[in-house]
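In: what follows is a predicted protein model with its sequence.
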Amino acid sequence: DTEVTQTPKHLVMGMTNKKSLKCEQHMGHRAMYWYKQKAKKPPELMFVYSYEKLSINESVPSRFSPECPNSSLLNLHLHALQPEDSALYLCASSHVVRGRRNQPQHFGDGTRLSIL
Amino acid sequence: AQTVTQSQPEMSVQEAETVTLSCTYDTSESDYYLFWYKQPPSRQMILVIRQEAYKQQNATENRFSVNFQKAAKSFSLKISDSQLGDAAMYFCAYRSLAGGTSYGKLTFGQGTILTVHP
């Protein structure tokens, strides 16, 4: 069982729809990540939150809007997406520990998103 | 910017045999971390093994071990006694320590699809 839970597992939406992806972890991790992964390709980092504040935005289009309402929850709000945004969206989390720098990321199962 | 190269798009191995997956990387940094992640068809990325660049000793985790050659910037993964459950896509990943934080961006290789034959 994964310790990072993502919902929904699958999502089909039209280009004019608004939807949200949800990610939850209860491991006490204070860094959370969104990745986009196309089929048979490596994940590409989109956003990183540390202590509920956005710390990295990899020049992601504004139609993707992340939100970290508390230390356990990470959302990705979607609006006016394009067909090329169809992909697997992975959430990950890791500890933020002063003086201990090697904190591996734990991934969820992902949300498979299809844009019609 | 760092780059990670996995030169083997696909590999296959017989059950119970040993297989080695290759990974090279390019960096000007002296301190960094390297990881191997496994992604089965179930989609979840699972950490297999990690290596701190300042450690000369190669990391091992049960049937998984690495051959870390810092000067050659090489980080290969050896899977011993391969099992059917090892079939997956394997990604090599690099994490820079620039910025001094314990979190940050992973740079992934393109991945190697491993097939295990019974």
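Out: Cool, got the structure. The shown structure was predicted, so the numbers you read here are calculated from the model rather than taken from an experiment. Numbers count the residues shown, from 1 in each chain, chains lettered A, B, ... in the order given.

In: what does stretch A:83-94 contact?
Out: A:4, A:6, A:15, A:21, A:23, A:25, A:27, A:29, A:31-39, A:43, A:63-64, A:74, A:76, A:78, A:103-108, A:110-116, B:43, B:45, B:102-103 (CB atoms under 8 Å, 6 or more residues apart in numbering or on different chains). No exception for glycine: its C-beta is placed from N, CA and C like everyone else's.

In: where strands are concerned, which of these count?
Out: Using DSSP state E, A:4, A:6, A:21, A:23, A:25, A:31-37, A:64, A:74, A:76, A:78, A:106-107, A:111-115 are the members of the contacts of stretch A:83-94 that sit in strands.

In: residue contacts, residue 104?
Out: Just going to use chain A. Contacts of A:P104 by CB under 8 Å, 6+ apart are A:94, B:35, B:47, B:50.

In: try chain B instead
Out: Contacts of B:G104 by CB under 8 Å, 6+ apart are A:48, A:56, B:95-97.

In: and with 7 Å instead?
Out: By CB atoms under 7 Å, 6 or more residues apart in numbering or on different chains, the contact list for B:G104 reads B:95-96.

In: A:S114 now?
Out: Contacts for A:S114 were tallied using CB under 7 Å, 6+ apart; they are A:12, A:86.

In: beta partners for it?
Out: A:V12 (DSSP bridges).

In: wait, a strand at A:E84?
Out: No: looking at A:E84 with DSSP: H, G, I helix; E, B strand; the rest coil, it is helix, so not inside a strand.

In: shaky segments in chain B?
Out: For chain B, the stretches with pLDDT under 70 are B:98-103.

In: find the centremost residue of it, please.
Out: With distances taken as CA atoms, centre = their mean, the residue of chain B nearest its centroid is B:W36 (2.9 Å).

In: tilt between the helix or strand where that residue lies and strand A:31-37?
Out: Element membership for B:W36 (DSSP states H and E) is strand B:32-39. Angle of strand B:32-39 versus strand A:31-37, following axes from the mean of the first three to the mean of the last three CA atoms, to 10 degrees, is 60 degrees.

In: downstream of strand B:32-39, the next helix or strand is which one?
Out: Per DSSP H and E, the first helix or strand lying C-terminal to strand B:32-39 is strand B:46-52.

In: quickly list what the spatially most central residue of chain A is bridged to.
Out: In chain A, the centroid-proximal residue (CA atoms, centre = their mean) is A:W34; its distance is 2.7 Å. Under DSSP bridges, the beta-bridge partners of A:W34 are A:F47, A:C91.

In: how near is it to B:Y90?
Out: 22 Å (CB to CB, to the nearest Å).

In: do the same with A:T16
Out: Taking CB to CB, one finds A:T16 at 39 Å from B:Y90.

In: burial measure for the nearest residue to B:Y32 once chain neighbours are set aside, as a count.
Out: Leaving out its chain neighbours, the residue that sits closest to B:Y32 by CB to CB, 6 or more residues apart in numbering or on different chains is B:A53, at 4.8 Å. Neighbourhood size, B:A53 [other CB atoms under 10 Å in any protein chain shown]: 19.
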